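Colleague: I would like to see how this sequence folds:
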Amino acid sequence: MTTTPDDRTDPSTVAPAGEPPPRDKRNRRSIRPLLLRLHFYAGVFVGPFILVAAITGLLYALIPQIDAAVFRHELTVDHVGEARLPLSDQLRAARAAHPEGALESIRPPAEADETTQVTLAVTDVPPDYARTVFVDPYTGQVRGALTTFGQWMPVRAWFDELHRNLHLGAIGRNYSELAASWLWVIALSGLVLWAGRRARTGALRRLATPDRTGRGRRKTMSWHGALGVWIIVALLGLSVTGVTWSRYGGQSVNQLQAHLNMTAPTVDTALTAMPGTGAMPAEHHHDAAMTMGDNGFRGVDAALSAAAEAGLAGPMWMYPPAEPGQGWKVAEKKRDWPTRYDAISVDPDTGRVTDRVNFADWPVLAKLTNWAIDAHMGVLFGVLNQAVLALVAVGLIVGIVLGYRMWWQRRPIRGGAWATGRPPLRGALRQSSWPIKLLVILLAVGVGWFLPLFGVSLLAFLLVDTGLAAVANRRRVRGS
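Modeller: This next block holds a predicted model:
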């Protein structure tokens, strides 16, 4: 191993793990030793989870075009006709071929060559999945049926689930949440450490440039640090958005949004009651019964016409009344920029718009959350978005590999026994000033409460580290 001047002079990088740090006044007032130990342990133990998330995320970012090509027959028509059949006729064709389940949603064609997608809630598919029937809007021909996840076709749905939970169900979601909960901590602590190192060596201006003249661990560190600078903004965004739909941390985010009254508003599908009676008009009683008894077809053409007159445009989804006394919900879902998410409720009998929610009226935080999630999924800016995600994923993979290489280069080279790199010294928090101690404890408790998996894993790190310290001290006492 090549020893650099920094390695020789910095006791936090070379001293044995069991020895306390020297009582240097500068070290006691600095948070660097604590960040160094946090970055090291989090990188070593959480790194594999982040690495898996990066690899599966890379695959997911590259899959949309493949997904569209594989299912081109179902998604598009052979010939574009002069006029489309009424949507109710297309639904009847779909239900004649697939009478199972209940109507869940309809996606009318957004382009001239697209099919109509009729999604059915069925029981013979995995949880959260559905069966989508594809109908030629010009001929009424059913072109096929696929098991779908939301708006994703089977191939993309498979990679989406691989990235979210490794196809392990609810238990598997813990891996991605653990990665998202720690990614921002590792990234920010690494940035502070790298900036501090560059400042000490008078090279702060070259923060994003690796040292090509270095050797050994110093060279690896320079590439590791510079690469992190280039992708840190994207990493922070991926971490935050990953938490928003995580299993436990996502609940905290939802509660925070609700407390701040910043959740996305939803359209009210309840039909207006008769003034002073609370009862529905007679024609609505009849209409509700027909809506629920006619496979959800009644009023669908009127709802589509009302959406067009209201200025809604594809891609959009239509949801039938869930129960008597409710109307059709028609919602735009244009997820690429510029986005459109306007939604209306339509009376199935009269075609009257009973409620409307415009995306422009959404709270700012709800808009930002929506945009950030779409960017995370690679749909906000199309191919450019996918390319950026792919580059960030590759950069993260390389950065993690370089981090482990640094750990390997730090290993003892004397003796015949296999050994790993030694961690930074213990006692960083104990030797810190009281303001730093208080700040660290408050942050750890606060973040651990908001992100439960982060808190549990941090506690596990502390318990393991305390146990290792006890073992090391016992061995030192016996050897003295």
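Colleague: residues touching residue 212, list them.
Modeller: Residues near residue 212 by Cβ atoms under 8 Å, 6 or more residues apart in numbering: residue 219. C-beta: built from backbone N, CA, C; applies to glycine.
Colleague: Against residue 226, how distant is it?
Modeller: The gap separating residue 212 from residue 226 is 10 Å, by Cβ to Cβ, to the nearest Å.
Colleague: Residue 92: neighbour count?
Modeller: 17 (other Cβ atoms under 10 Å).
Colleague: Now it. Its backbone dihedrals?
Modeller: Residue 92 has phi and psi values of phi -60, psi -40 when expressed as degrees, to the nearest 10.
Colleague: pretty sure it is touching residue 297, no?
Modeller: Yes - applying Cβ atoms under 8 Å, one finds residue 92 in contact with residue 297, separated by 6.8 Å.
Colleague: Tell me the secondary structure at residue 147.
Modeller: The local conformation at residue 147, judged by DSSP: H, G, I helix; E, B strand; the rest coil, is strand.
Colleague: residues touching it, list them.
Modeller: The contact partners of residue 147, by Cβ under 8 Å, 6+ apart, come to 125-126, 129-132, 154, 157.
Colleague: which stretches of the stretch 51-200 of the chain form strands?
Modeller: Assigned by DSSP state E, counting those that start in this stretch, the stretch 51-200 of the chain shows strands spanning 102-107, 116-121, 130-135, 142-148.
Colleague: Quick check: which of those is buried the most?
Modeller: Of the strands of the stretch 51-200 of the chain, the one with the most neighbours on average (mean count of other Cβ atoms under 10 Å) is strand 130-135, at a mean of 23.
Colleague: Which other helices and strands does it contact?
Modeller: Other elements packing on strand 130-135 under the criterion 3 or more Cβ pairs under 8 Å, 6 or more residues apart in numbering; DSSP states H and E are helix 87-97, strand 116-121, strand 142-148.
Colleague: Just checking: what are the partner strands of the shortest one?
Modeller: Strand 116-121 has the following strand partners under DSSP bridges: strand 102-107 (antiparallel), strand 130-135 (antiparallel).
Colleague: Check the last one too.
Modeller: As defined by DSSP bridges, the strand partners of strand 142-148 come to strand 130-135 (antiparallel).
Colleague: Report the angle between the partner strand and helix 87-97.
Modeller: Interaxial angle of strand 130-135 relative to helix 87-97 (axes from the mean of the first three to the mean of the last three Cα atoms, to 10 degrees): 120 degrees.
Colleague: Next, count neighbours for residue 409.
Modeller: Neighbours of residue 409 using other Cβ under 10 Å come to 18.
Colleague: how far away is the closest residue to it other than its chain neighbours from residue 442?
Modeller: Nearest non-adjacent residue to residue 409, counting by Cβ to Cβ, 6 or more residues apart in numbering: residue 217, 4.1 Å away. Look at residue 217 and residue 442: by Cβ to Cβ, they are 34 Å apart.
Colleague: ok, these two, which is more surrounded?
Modeller: For residue 217 versus residue 442, the count of surrounding residues by other Cβ under 10 Å is larger for residue 217: 23 against 10.
Colleague: do you know how far the more buried one is from residue 41?
Modeller: Residue 217 is 18 Å from residue 41, by Cβ to Cβ.
Colleague: now residue 185
Modeller: Going from residue 185 to residue 41 by Cβ to Cβ gives 11 Å.
Colleague: With mean pLDDT and distance to residue 479 as extra columns, can I get the strands of the stretch 51-200 of the chain in CSV?
Modeller: What follows is the strands of the stretch 51-200 of the chain, written out as CSV (pLDDT from 0 to 100; distance: least, Cβ to Cβ, whole Å):
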stretch, mean pLDDT, distance to residue 479
strand 102-107, 96, 69
strand 116-121, 97, 68
strand 130-135, 98, 65
strand 142-148, 97, 63
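Colleague: Take the ones you listed and write them to JSON lines, including distance to residue 63.
Modeller: As requested, those are exported to JSON lines (distance: least, Cβ to Cβ, whole Å):
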{"stretch": "strand 102-107", "distance to residue 63": "20"}
{"stretch": "strand 116-121", "distance to residue 63": "19"}
{"stretch": "strand 130-135", "distance to residue 63": "18"}
{"stretch": "strand 142-148", "distance to residue 63": "14"}
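Colleague: In three-state terms, how would residue 336 be classified?
Modeller: The three-state assignment at residue 336 reads coil, by three-state DSSP.
Colleague: isn't it right up against residue 382?
Modeller: Yes - with contact defined as Cβ under 8 Å, residue 336 reaches residue 382; the gap is 5.4 Å.
Colleague: can you pull the contacts of the residue nearest in space to the middle of the chain?
Modeller: Nearest to the mean C-alpha position of the chain, by Cα atoms, centre = their mean, lies residue 242 at 3.1 Å. In this structure, residue 242 makes contact with 53, 176-177, 179-180, 183, 376, judged by Cβ under 8 Å, 6+ apart.
Colleague: Show me those that map onto helices.
Modeller: Among these, the residues falling in helices (DSSP state H) are 53, 176-177, 179-180, 183, 376.
Colleague: What is the nearest of the residues you listed to residue 114?
Modeller: Comparing the ones in helices among the contacts of residue 242 against residue 114 with Cβ to Cβ places residue 376 closest, at 25.6 Å.
Colleague: Find me the pLDDT at residue 205, would you?
Modeller: Residue 205 is assigned 88 on the pLDDT scale.
Colleague: From residue 196, how far off is it?
Modeller: In terms of Cβ to Cβ, residue 205 sits 14 Å off from residue 196.
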